[in-house]
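Asks: coords please:
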Amino acid sequence: MPIAWAISLRYLRSARGGGALSFITWVSVLGVGLGVAALVVAMAVMNGYQANLVRAMAGALPHLSLLSQAKDASATRTEMEALVRKELDVAGFSPFVMDELLVRAPGQAKETIQGIMLRGIDPQAEGNWREFLAFFDGGTSDWTQLAPAERERRAAALLQGLQGHDDGDVPILLSHILARKLGVAVGDRLTPLRLPAPGEGFSPAPMSRRLRVLGYIDTGIVTFDELVVVADLAQARALLPAPGAVDSLGVRLVRPLEALQAAQRMRNAIALRDVSGWYVYSWMESNAGLFQVIRLQKSMLFLILMLIVVIAFFGMVSALIMLVVEKGKEIAVLRALGLAARHIHRVFLLQGVLIGLIGTLAGLALGLAICWALATFPVIDIPPGVYPGSDTLPVAVSPWDVALVVGGSLLVCVAATAFPARKAMRMPPVQGLRFR
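Replies: Numbers count the residues shown, from 1 in each chain. Next up is the predicted model:
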């Protein structure tokens, strides 16, 4: 074993100064370990929240939306599908219609009107079919307790019911948030209102068909849930005042997180082919503010929790300086026997690296164990709706985040050893022996 390693391990194992210095050293190890564990758990929870958010949005919205103004569109939906397939890696297509609508709930005064966004979908065309089903709720209070197969069966029955019945009503699905706002439940009917044409006055007129609440759809995305009502594509096409909007096209990508780049590629392709009347936007652009907040929170959380490791940095510095002072005689003897100054420097540098490495690995093991426990057992009860798409604390360990935490911790520990190691290297042998 190289002499620098042998001496470093000896200093780490042995009790020094009546045990006080050894205690300070292991407190530094504990501080590094706790800091690393806290960082690993915090990053995993933030990743889990973002992953659930992406899953919820990807289940409720297309990754890429191509909106058509039928009168101005110079290409059909079929032609746009061919263009998209040529430019992007596509998992599936889903035509849709989405438009604003005014509704009046039963029991409300005529003047009390609520605006909604009616979205007509073709569930059979959804690329992310099973994830989409997971967000449907048939109105049962024990929905979350159902087996996955039973939940999917009931959800499929709901979607089948969206195609309509002989009563002429348009079946819809809406969130619990919007249902409470409108004061409706399953089986209730909403009256859609038509904006008056010029010369017809100022009051919206009721349409001939009504909307009937068939069930609930909760994505956990508040901005979506409090506004959007889902209906079958054919039913929505017949109801909405702008039938041309059904030419709009939803695209599901193989890599949803590349939606920004995909949207820009489609814009460039449309511009090169001089296609008019089609507008492209991605689901990440629609929620850019939300993702920016998540990234900012994750960065700030990393910096704040990294302060725990920085605090351990000061403990390591003090412990190593005390070690240099205590081992002054040994340093002098080693120098007198011919050990080079660079080897003395290496001894104390390795001492700090070993403290940081032991603390980092112990903290990493503790953090991963906590993440496993949070993901496996119902340790923390989360109220429904706090995390999109999940009622349990989401945990997702990222190898990149683990590497960042481990690298940052080791970098701090190496920085903590720089001054004590240089102090030991520059200590004259005579000074170490004079007062011993």
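
Asks: Contacts only, for the nearest residue in space to residue 167 that is not next to it in sequence.
Replies: Among residues not flanking residue 167 along the chain, residue 212 sits closest, at 7.7 Å (Cβ to Cβ, 6 or more residues apart in numbering). Yep, even glycine has a C-beta here, placed from its N, CA and C like the rest. By Cβ atoms under 8 Å, 6 or more residues apart in numbering, the contact set of residue 212 is 167, 169, 170, 171, 172, 187, 188, 189, 190.

Asks: In a strand, residue 212, correct?
Replies: Yes: under DSSP: H, G, I helix; E, B strand; the rest coil, residue 212 sits within a strand.

Asks: Give me the buried entries from the contacts of residue 212.
Replies: 169, 170, 171, 172, 188, 189, 190 (16 or more other Cβ atoms under 10 Å).

Asks: just the residues you listed now: which is nearest residue 401?
Replies: Using Cβ to Cβ, residue 172 comes nearest to residue 401 of the buried ones among the contacts of residue 212, at 41.1 Å.

Asks: Does the closest one fall in a helix, a strand, or a coil region?
Replies: Here residue 172 is strand, with the state taken from three-state DSSP.

Asks: Check the gap between it and residue 116 for me.
Replies: From residue 172 across to residue 116, the span is 9 Å (Cβ to Cβ, to the nearest Å).

Asks: can you list residues touching both of these two?
Replies: Joint contacts of residue 172 and residue 116 (Cβ under 8 Å, 6+ apart) are residue 229.

Asks: can you give me the strands for the stretch 201-350 of the chain?
Replies: For the stretch 201-350 of the chain, strands defined by DSSP state E, counting those that start in this stretch occupy the ranges 205-206, 211-217, 228-232, 249-253, 278-282.

Asks: Lowest average pLDDT across these?
Replies: Ranked by mean pLDDT, the strands of the stretch 201-350 of the chain bottom out at strand 205-206, with a mean of 78.

Asks: That one packs against which elements?
Replies: strand 189-194 (3 or more Cβ pairs under 8 Å, 6 or more residues apart in numbering; DSSP states H and E).

Asks: Surely residue 394 is in a helix?
Replies: No: Residue 394 is assigned coil when assessed by three-state DSSP, not a helix.

Asks: buried ones in the helix or strand encompassing residue 418?
Replies: Using DSSP states H and E, the element containing residue 418 is helix 399-425. Judged by neighbour count using 16+ other Cβ under 10 Å, the buried positions of helix 399-425 are 401-402, 405-406, 408-410, 412-413, 416-417, 420-422, 424-425.

Asks: Mean confidence (pLDDT) on that helix, please.
Replies: Across helix 399-425, pLDDT averages out at 80.

Asks: For it, which helices and strands make contact with it?
Replies: So helix 399-425, by 3+ Cβ pairs under 8 Å, 6+ apart, packs with helix 20-60, helix 288-326, helix 341-376.

Asks: Next, the angle helix 399-425 makes with the shortest one.
Replies: Relative orientation of helix 341-376 and helix 399-425, computed by axes from the mean of the first three to the mean of the last three Cα atoms, to 10 degrees: 150 degrees.

Asks: Same check on the second one?
Replies: An angle of 30 degrees separates the directions of helix 288-326 and helix 399-425 when computed by the same axes, to 10 degrees.

Asks: Tell me the bridge partners for residue 119.
Replies: Following DSSP bridges, residue 119 is listed with bridge partners residue 98, residue 230.

Asks: Brilliant, that's me finished.
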